[in-house]
Every structure is written in structure tokens, then in C-alpha cells.
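Asks: okay, sequence plus prediction incoming.
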Amino acid sequence: MKELEYPFDSGYIMKKKKSLRRQLTLDTEGFQKKRIAVLGGSTTADIVKVLELFLLDNGIEPEFYESEYGQYRQDALFPNSELDRFKPDIIYIHTSFRNLSFRPTPRMSAQQIEEGLENETDGLRQIWDSLKERFGCPVIQNNFELPPYRLLGNTDAWDRRGAVNFVTRLNMRIYEEIEKRDGLYLNDINWLSADYGLEKWTAPEYWYMYKYCLNIDAIPVLAFNIATIIKAIFGRNKKALALDLDNTLWGGIVGDDGVEALAIGQETAEAMGFYQWQEYVKSLKDIGVLLTVCSKNEEENAIAGLEHPEGVLRPDDFTVIKANWLPKSQNIIETAAEINILPEAIVLADDNPAERDIVRAEGIVAPDIGEVNDYIRVIDRSGFFEPVGLSEDDLRRSEMYRENALRKQAQSKYQSYEDYLAAMDMKAEIGPFPAVYIQRLSQLANKSNQFNVTTRRYTPSEMESVAQSPDYITLYGKLADKFGDNGVVSEVIGRVEGETLHIDLWLMSCRVLKRDMEFAMLDELVRACRERGISCVIGYYYPTAKNKMVRELFGTFGFDKISEDEEGNAVWKLDIKDYVNKNHVIAVNA
Amino acid sequence: MNMKELKKRLTDVFRDVFDDDSIVIDENTTADDIDDWDSIEHITLIGAVEEEFGMRFKMGEVSGMNNVGEMMKIIAERGK
């Protein structure tokens, strides 16, 4: 919804939140339902209401638990039957400078201040430890905003007796803990409040009157940031940035003005603006964002523009280049199909408001990016690609998709598809979930929508407990071929009940579709079942708007359908006694 | 600003905040007359009124207003 996209009007959102909620809840079919516990050190009622709006806008339908006023520590540390029954999927701890139990004063000794810092950090550690033990779900923690006044003036920053110095060091302690712990995420209100203006961020009268640690207009800013983190944790980040060219990546129109006349480089103010923006776009590749071109242009002109000697981006920075005269909505849908992602996972950056409107009508996000000097700010603050822990795969993603494009070219050289697969020199590594891949496995489970029979989501801690439980058989699959390593691409979780295995999860990344990887996984699963004396495997298919491609997966595996209801929920069964291995093209664990 | 115009703009704020286009306010309206007007929505309402009329209420005024008439009196003095 446009009203909830960055840059939004906070006053409008606060005033119209009832009406916005009504519109957003008209149709929540296909939304992810999530239980969110908000443990606050100040009044959180309005934060929760606005957070709900931003989550609904991201396809997440939240149910909230809110601690009683100021009870965040009690709720975290002591049994609370209401919170226990609620079983949160995620917990947000909303603390602020007002909640610090210790503040240094000029009369204190260095030792007293160090003790205070240690105690304050310890108080937080206890909260995180207790929540992890009781709920094992992701926890989002605020850092601390800078103090509203400085007793020591500028000295407050460097002298240990200053509150600015104390908050800065406490925040560093929090970051060290986050680095060490799984499932603890930072809500960086220190940056948010600086960006928003510390003076506007908190108003003392709101604290005195309502126990709000924020100014009312800052509430949407905070809630937007929390929603960005939550949607990223639950796998709802965007995956690709589609870029228009003329007046988006460079100033001028390459087809009319010619390459030499384009504004890009260091010569003029405008050229520098486009240069910096191209640098930013290129750096998005480092956090795993795929770049594509979506431009109304002749392809040769588009390429010539991208080869401009003063530019930063090069044609091979883009996974797909669509430079033609077709409608942009159609180009984006085709781009999505070529790289096996959903069209709604693409963001279009385009300077032309008319083009943006057209693709928006198709449900594709196209923010109002403003002028070239606004582009970086708008894309960056929109939080489309919020990284929550960068994995090796994120760093390599762009490369992997390019390798895929090469594979498609190679395919045309072979007589049959079998020949092609055999010549791929594919090697798979398949086995029970190892600890080092838990993060990646959870990330994959949370974002795989298409090749996913049950669409069950797992947090890293749930993944870990499944991996360690004797009641489960787990398999991860990595696939490499002569073009490169695809990384972890498939995972299966089966629950053992006597001599039967129930498939809780079977998914595969779409970048290895049609490579027989699913058969290699099945062979290994059957082998693991036989080792444990299991004779029968039950598979479940739960239809969603996105997973039609696996409706018949168990059928192709040789399962028999034993039931199916009106909505298409189906149960499949395989007797493994006579099972014969199905994979002949991938070398497994060789 | 005349009282008629003030009342019209204030009515629009009430209708936005409580998402109800049938709301009619007068000087004697209190929180008891509007279903959703609880302490939390009161904060939203105050914020929205402040934005609409480009003014701030003083802390004592926020808790001291007994009905819409008192709110209108303050707006008439300081609102834009």
C-alpha cells in the first residue's frame, strides 16, 4: 500500500490507522500468520497498532501479546502463564534510554562505572538467555538512543563519566553479544533516532503524560524498521532490483542523445549523482541482490550505455537484461520466470511515474524514487533487501545465477536432456543437517515458496532441535557442477513414528530445477529409512498460491495418493520395500 | 478562524481518527459519547488535532479538558 511505503507521512498514518487497518484486513488470504510478543519498557499500544499495519502490508498477519506497562524484564525472566500459552514466533524488546537502571555521574570512580556497565549488560544477557530457553524463537532487541542532554557537554562523548560515552559503550557490548548469539537481532534505534533527529525522536512531555519514550510522529518510523526486520526473518525480503536505464542509471536518453552525451562520471553535478547511484547499485550485489535491466530501448543502445567508460556498472553485472519495447510489467514477469523467482520479489527502480504506476497495478513494488540525489536514500531506507546475517551464499548469489544462464546456453548443444545432465558433471553432498548449515537451512525454509510441499517455516533454533532429535530424519543437499557450486539447495525433514516416516518438509531451491536433484534426495532418504527399519513413507502436499509446481511431486516419486480433500490437501504413501534408485546423473557423496 | 470552520475541521479529525464518517461533535461531546475513545485513542486524537491546527497543547491542558468545547476554546486561541 502506497501510504505505508517509504517515504511515508507519519502524521497521516497515526491519524488514519483505523481506516488503514480496515483496508489491509479486507483480504488476508495467503498471509503468513505470526504471533509476536512485544515486551516494553514504556507504553507500546500505539507501536503495536502501527507495526500491525506495516506487517499486513508485507503479507504477515500478526497476533500480539503485549506486556503490561514497563514489565519487559519481569515477562522475560519469570514464568507468565499468558505469555507461555501465547507461544510467540518472535519477541520484540522495546527498551530505551529511559529504562537504563544505571547512569554514570561525575562523582563516580572508574571502577563503579565499569561495574555499572557490566551489570547493565548482564541484565540484558539474562533476558536473552531466559527467552531463548523458554521460547527458542527469534528476539529483536533495541540498542539505546543517545541521551537527551549532555551534562559534560562535548566531554560527555569521550569521558567514561559521561552518559553519551556510557550509551556508546553499552551499545558495543550489545553488538558483541548479538555476534555471539543465534536468533538475536538488532533494532538499531541509535541510527534511526540520529537519522530522524534526536530532538524530534523523543519529547519529554510524551514521557511525562503517556510514558511514551518516543514522540508520536516517530512511532511509524520505529514500527517500519521493526516490520522490516520481521519480514526479513520470515523470508519476505525482495530478491531482485530491476533498473530502468535512461534517467535512472544515467542522465539523458542513450537512443536519442548518444553514449557520449550521457551524464555519468565526475564531470558535472548530475553525472556525479548517477555515478554514486551506480556505485550503490553495484554494492547491492554484495548482499545477494540480483540486478536486472528493464528498459524501453534498443538492446544495442542499452549495452552501449552500460559500457560507458565513466560508468560503474557493466553489462555482466546484470543477471537478465530486458531492453525492448514491450510493457515493463510483461518484462518483469518474464525476468522473474527466467531466474525462477516470483514477480513480487522484484523491485523496479524507474524515474518515470507512469511506468511505475503500470507495474504497480500488477502488484510489483515500484517506489517513488524522486530525483537522482534521492535514489540511494529511497532504495536504502525502504528496507527491501534487509540482510539479517549475511551468508556465504548471499555473497555468491549473483555469480550463481549467472552460472545458471551459462548452463542454459550449454543445454542447446546436446542431443537430449539426459545427455546434457550427464555432461554437467554434477556432484551432490547429501546428509543429516550439520550444525554449520543451520542458519542457511532456516533461511532457505523461510523463503522457499514454489518447490515446497508443506511450506512449513522453521527458525534457526527449531531447525537445530529437529536436527538433534532422534525422532527425525533430516537431509540437506548441496549440488555442484562444472559451472560452479550451487551451495545448499534442498532440505527434507521426516518425522519417525514406528515404522513410518512422515514428511514434514520437502523443499528445493528453484535454481536447480530439472537437475534430478530431487531424485538424489529421495534415494538417500529411502536409504536412511531402510537403515532405521522404516518401511513406509507418508508425504503431504498442502497447496498455496505459489507451490503448484510440486502438486504431483510425490506422484513422480512413485507414491500413491491415498486421500485428497476439496482444497487439494493431499496425502501420499510409498512402500519402500521395492524402491529402486531413481537418480542416474548425479554423483552422491563421492 | 471562525467557530464554524474550526468545528468542521475538528469534526474531520474525529472522523479520521475513529474511522467513522457519522460522527457529529458539539461543545458537550465527551469521551463517553464515542465508543472507541479510550486513553490510547485520546493520544492519537491529541496528536492529530495538533497537526491539523499547527499547535501544541500544554501538558496540563491534555489531562484537564473535560469536553470538546474546552478543546475548541484552546484551538480558537492558539490554532492556525
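Replies: It's in. Numbers count the residues shown, from 1 in each chain, chains lettered A, B, ... in the order given.
Asks: contacts, neighbours, all on C-alpha from now
Replies: OK.
Asks: with adjacent residues omitted, what lies nearest to A:Q126?
Replies: Spatial nearest neighbour of A:Q126, chain neighbours left out: A:L77 (7.4 Å); criterion: Cα to Cα, 6 or more residues apart in numbering or on different chains.
Asks: kindly report the same for A:P434.
Replies: Distance criterion Cα to Cα, 6+ apart; nearest residue to A:P434, sequence neighbours excluded, is A:A467 at 7.7 Å.
Asks: ditto for A:A435
Replies: The shortest distance from A:A435 to any non-neighbouring residue, by Cα to Cα, 6+ apart, is to A:E464 (7.4 Å).
Asks: from what I can see that neighbour touches A:I438, true?
Replies: Yes. Counting by Cα atoms under 8 Å, A:E464 touches A:I438, with 6.4 Å between them.
Asks: quick one: A:S42 from chain B, how far?
Replies: The spacing between A:S42 and chain B, counted by Cα to the nearest Cα, to the nearest Å, is 13 Å.
Asks: for A:Y65, same thing?
Replies: According to Cα to the nearest Cα, A:Y65 and chain B sit 17 Å apart.
Asks: just to revisit the earlier point, just the element for the residue nearest to A:A435, please.
Replies: With elements taken from DSSP states H and E, the one containing A:E464 is helix A:460-468.
Asks: so which bits of that helix are buried?
Replies: A:460-461, A:463-464, A:466-467 (16 or more other Cα atoms under 10 Å in any protein chain shown).
Asks: where in chain A is pLDDT low?
Replies: Chain A contains residues with pLDDT under 70 at A:389-395, A:405, A:408-413, A:415.
Asks: select the longest strand from it.
Replies: If you go by DSSP state E, chain A has its longest strand at strand A:484-497.
Asks: alpha carbons of the following helix or strand past it, as PDB, please.
Replies: Sequence order places strand A:500-508 as the next helix or strand after strand A:484-497, per DSSP H and E. The C-alpha trace of strand A:500-508 is given here as PDB (Å, rounded to 0.1, in the frame of the first residue of the first chain):
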ATOM      1  CA  THR A 500       6.500 -44.900   9.300                       C
ATOM      2  CA  LEU A 501       8.200 -41.700   8.200                       C
ATOM      3  CA  HIS A 502       6.000 -38.600   7.800                       C
ATOM      4  CA  ILE A 503       7.400 -35.900   5.500                       C
ATOM      5  CA  ASP A 504       7.100 -32.500   7.400                       C
ATOM      6  CA  LEU A 505       9.200 -30.600   4.900                       C
ATOM      7  CA  TRP A 506      10.500 -31.200   1.400                       C
ATOM      8  CA  LEU A 507      11.800 -28.200  -0.500                       C
ATOM      9  CA  MET A 508      14.300 -27.300  -3.100                       C
END
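Asks: which strands and helices sit next to strand A:500-508?
Replies: Using 3 or more Cα pairs under 8 Å, 6 or more residues apart in numbering or on different chains; DSSP states H and E as the contact test, the elements touching strand A:500-508 are strand A:484-497, strand A:536-541.
Asks: for chain A, which residues are neighbours of chain B?
Replies: Proximity of chain A to chain B (Cα under 8 Å from any Cα of the partner chain) is limited to residues A:11, A:14-19, A:45-46, A:205, A:209-210, A:216.
Asks: where exactly do the helices run in chain B?
Replies: Using DSSP state H, the helices of chain B run over B:3-18, B:39-53, B:59-64, B:68-78.
Asks: please compute how far the shortest one lies from its chain's middle.
Replies: I take that to be helix B:59-64. The chain centroid and the centroid of helix B:59-64 are separated by 13 Å under Cα atoms, centre = their mean, to the nearest Å.
Asks: all helices for the stretch 151-300 of chain A, in order.
Replies: A:155-158, A:163-180, A:189-196, A:198-201, A:204-210, A:219-233, A:254-257, A:269-284, A:299-306 (DSSP state H, counting those that start in this stretch).
Asks: show me the contact partners of the last one.
Replies: The contact list for helix A:299-306, computed with Cα atoms under 8 Å, 6 or more residues apart in numbering or on different chains, reads A:245, A:254-255, A:259, A:262, A:295, A:313-315, A:322-324.
Asks: with the first one instead?
Replies: Identification of contacts with helix A:155-158 by Cα under 8 Å, 6+ apart yields A:150, A:162-165.
Asks: out of those residues, the closest to A:E567 would be?
Replies: A:E567 has its nearest neighbour among the contacts of helix A:155-158 in A:V164, at 58.4 Å by Cα to Cα.
Asks: excluding chain neighbours, what is closest to that closest one?
Replies: Leaving out its chain neighbours, the residue that sits closest to A:V164 by Cα to Cα, 6+ apart is A:A157, at 5.0 Å.
Asks: what residues does chain B have near chain A?
Replies: With Cα under 8 Å from any Cα as the criterion, chain B comes near chain A at residues B:13, B:16-19, B:40, B:43-45, B:47-48, B:51, B:59.
Asks: who touches A:S101 in this structure?
Replies: A:S101 touches A:E120, counting by Cα under 8 Å, 6+ apart.
Asks: make it 10 Å
Replies: Neighbouring residues of A:S101 by Cα atoms under 10 Å, 6 or more residues apart in numbering or on different chains: A:116, A:119-120, A:123.
Asks: specify the local secondary structure of it.
Replies: coil (DSSP: H, G, I helix; E, B strand; the rest coil).
Asks: gap between it and chain B?
Replies: Distance, A:S101 to chain B, using Cα to the nearest Cα: 26 Å.
Asks: quick one: that residue from A:A323, how far?
Replies: To A:A323, A:S101 is 59 Å away according to Cα to Cα, to the nearest Å.
Asks: and if you look at A:R402?
Replies: Separation of A:R402 from A:A323 (Cα to Cα): 18 Å.
Asks: which non-adjacent residue is nearest residue 76?
Replies: Went with chain A since none was named. In this structure, A:A76 finds its nearest non-sequential neighbour in A:I127, 5.5 Å apart by Cα to Cα, 6+ apart.
Asks: wait, chain B
Replies: B:M1 (7.1 Å).
Asks: correct me, but the one you found touches B:M72?
Replies: No. Look at B:M1 against B:M72 with Cα atoms under 10 Å: they stay out of range, at 11.3 Å.
Asks: in terms of neighbours, single out the busier of the two.
Replies: Taking other Cα atoms under 10 Å in any protein chain shown, B:M1 and B:M72 do not tie; B:M72 has more neighbours (18 against 10).
Asks: next up, the contacts around that one.
Replies: Neighbouring residues of B:M72 by Cα under 10 Å, 6+ apart: B:3, B:6-7, B:10, B:26-27, B:65, B:79.
Asks: wait, A:E403 sits on A:V512?
Replies: No. Between A:E403 and A:V512 there is no contact, the gap being 11.4 Å when judged by Cα under 10 Å.
Asks: what touches both of the two?
Replies: Residues touching both A:E403 and A:V512 (Cα under 10 Å, 6+ apart) are A:N486.
Asks: which element, helix or strand, includes A:V347?
Replies: When secondary structure is defined by DSSP H and E, A:V347 falls within strand A:346-349.
Asks: now that strand: buried residues?
Replies: Neighbour count says strand A:346-349 has A:346-349 buried, by 16+ other Cα under 10 Å.
Asks: near the closest residue to A:Q450 other than its chain neighbours, how many other residues are there?
Replies: Leaving aside its sequence neighbours, A:Q450 sits nearest to A:N547 (Cα to Cα, 6+ apart; 4.2 Å). Per other Cα under 10 Å, the neighbour tally for A:N547 reads 18.
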